[in-house]
Each structure stands twice: as structure tokens, then as C-alpha cells.
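K.L.:
Just to be clear, the model below is a prediction. Sequence and coordinates:
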Amino acid sequence: MNQPLPKRDDPFQRGATALLLVDMQRIWLEPGLDPAHPERGPDHEFYRRTANETIPNQVRLLRAARASGVEVLHTIIQSLTEDGRDRSLDHKLTPIHVPPSLPEGRPVEPLAPRENEVLLPKTSSGVFNSTSIDYILRNLGVRNLIVAGIMTDQCVDMAVRDAADRGYLVTCVRDACAAETKERHDTALGAFGGYCWVTDTATVLQRLEALGAAR
């Protein structure tokens with residue numbers, strides 16, 4: 001007899017849930033560090049949103065995930081070589097190059113990985129295309145993947161779609177993501193929303209706390 005299909009918004013499964021934070025790096029989140037936008041000040045719309053909403057909400061998610069025993073993975077845009085010769089063609093053409101020795105390439109301090117958490121450097125928009133994340137998630141027994149990060153319409157979008165195509169039940173935390181503008185953020189959520197459950201930080205926190213209570 002065939003088993004009923006799961007729903008994207010089914011409760012998270014204990015021992016099968018992971019939180020993925022996408023590209024929350026100093027170089028993109030601290031004013032004056034992004035080589036593509038050196039003129040931006042702290043009052044720029046993107047920096048205001050990430051400082052006041054995206055990062056604080058991710059801190060709450062991260063704290064709850066750790067407390068409930070949920071696996072935590074971080075992705076960063078970073079070349080494997082100092083000269084970036086291993087980068088994707090797209091990153092060479094853009095150009096995007098974050099060498100491994102660059103301190104600004106690390107996640108912002110409130111979201112810094114703890115010992116024993118997975119940190120995956122990538123040189124493409126899609127983490128499933130240029131890292132072993134699929135192999136790692138399957139080794140960890142993950143089925144439910146919670147995604148938050150930047151940019152909503154680029155690397156977050158790719159993570160959501162690719163994870164869904166590979167059979168994961170994906171949750172995108174809309175108020176823990178950000179794009180260049182709110183319009184781009186909202187448009188992206190509307191475009192890839194069919195591949196995942198789009199919800200907010202408060203709802204995900206309740207789910208994570210329920211997992212922790214069941215331990």
C-alpha cells in the first residue's frame with residue numbers, strides 16, 4: 001500500500017531536520033567591505049534590513065536550532081585557492097573572488113559557526129552545485145531543510161529549488177532572508193514559493209522548540 005505523501009508544512013522531524021544559513025558573511029553585510037558596492041553607507045536599505053531584521057532573526061533561529069539538537073550548516077562564497085583559479089566561470093566573469101585568507105569572508109560574529117558545525121565554501125550561486133552538501137545532508141539523515149540567508153533572489157533561491165528537486169522538504173524563513181531591495185525579496189519569494197513552505201521566524205521557532213521539548 002502506498003504511503004501518503006508528506007506536506008511541505010508538516011512538523012519538523014526529530015533527528016532529520018537541519019538549518020542552512022546562506023552566505024551571511026562580513027564582506028556582504030558590513031558597510032564598506034563589498035568591492036562591488038564600496039559607496040554604500042550603513043543607511044542603505046539592504047544594510048538597514050539585514051542589521052535590523054535578517055541577522056537578529058537568524059540569531060534566534062540559530063539559538064533555537066542548537067538548543068533543540070538540529071543540525072546547523074553554513075555556506076559562504078569563498079574560493080579554495082588564493083588566486084581564485086578554481087572559481088566557476090560565472091564568478092570569474094562577474095567577477096566574484098573571496099580568497100580563503102580574507103577575514104571579511106567569514107560569517108558575521110553573531111552567526112559564527114561553532115565547533116562541529118558544517119561550513120561549506122562555494123563558488124556558485126547554488127550550494128548544491130559546487131559543494132558536497134547533498135552528500136552531507138543524506139549522511140546526516142536530513143529530510144527537512146530550513147533555509148535563511150542572502151540574497152533571496154539569488155543564492156537562497158537556488159538553495160531552495162535545488163533542495164526541493166533532490167527530495168528535501170524545504171522551509172524558507174522569509175523574515176530571515178534579504179535581497180538588494182524589498183521588491184526583489186518579495187518577488188523572489190513569490191517565484192520560488194511553490195518549491196517550499198514559506199513562513200516566518202516566529203513559526204519556525206515554535207517548531208524548533210517543540211523538537212527540543214521532545215528530546
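P.N.:
The structure has been received and is ready for your questions. Remember, predicted model here, so these are calculated numbers, not experimental data. Numbering: from 1, shown residues only.

K.L.:
Kindly tell me how buried Val22 is, as a neighbour count.
P.N.:
For Val22, the count of nearby residues is 28 (other CB atoms under 10 Å). Glycine gets a C-beta too; all of them are placed from N, C-alpha and C.

K.L.:
now do the one 10 residues further on
P.N.:
When counting by other CB under 10 Å, one arrives at 12 neighbours for Gly32.

K.L.:
Name all residues that make contact with it.
P.N.:
Neighbour list for Gly32: Pro38, Arg40, Gly41 [criterion: CB atoms under 8 Å, 6 or more residues apart in numbering].

K.L.:
Tell me the confidence at the one residue sitting closest to the centre of the chain?
P.N.:
Geometric centre of the chain, nearest residue: Val22, 2.5 Å, by CA atoms, centre = their mean. pLDDT for Val22: 98.

K.L.:
so what's it closest to, chain neighbours aside?
P.N.:
Leaving out its chain neighbours, the residue that sits closest to Val22 by CB to CB, 6 or more residues apart in numbering is Gly149, at 2.6 Å.

K.L.:
looking at the contacts of Gly32, which has the most residues close by?
P.N.:
Arg40 (15 neighbours).

K.L.:
Spatially nearest residue to it, not counting backbone neighbours?
P.N.:
Leaving out its chain neighbours, the residue that sits closest to Arg40 by CB to CB, 6+ apart is Pro31, at 5.8 Å.

K.L.:
Now for the residue lying closest to Asp83 once chain neighbours are set aside, which secondary structure element holds it?
P.N.:
The shortest distance from Asp83 to any non-neighbouring residue, by CB to CB, 6+ apart, is to Pro99 (7.7 Å). Per DSSP states H and E, Pro99 falls between elements, in no helix or strand.

K.L.:
for Pro99, what are its contacts?
P.N.:
Applying CB under 8 Å, 6+ apart to Pro99 gives the contacts Gln78, Ser79, Thr81, Glu82, Asp83, Gly84, Gly105.

K.L.:
Many thanks, we can stop here.
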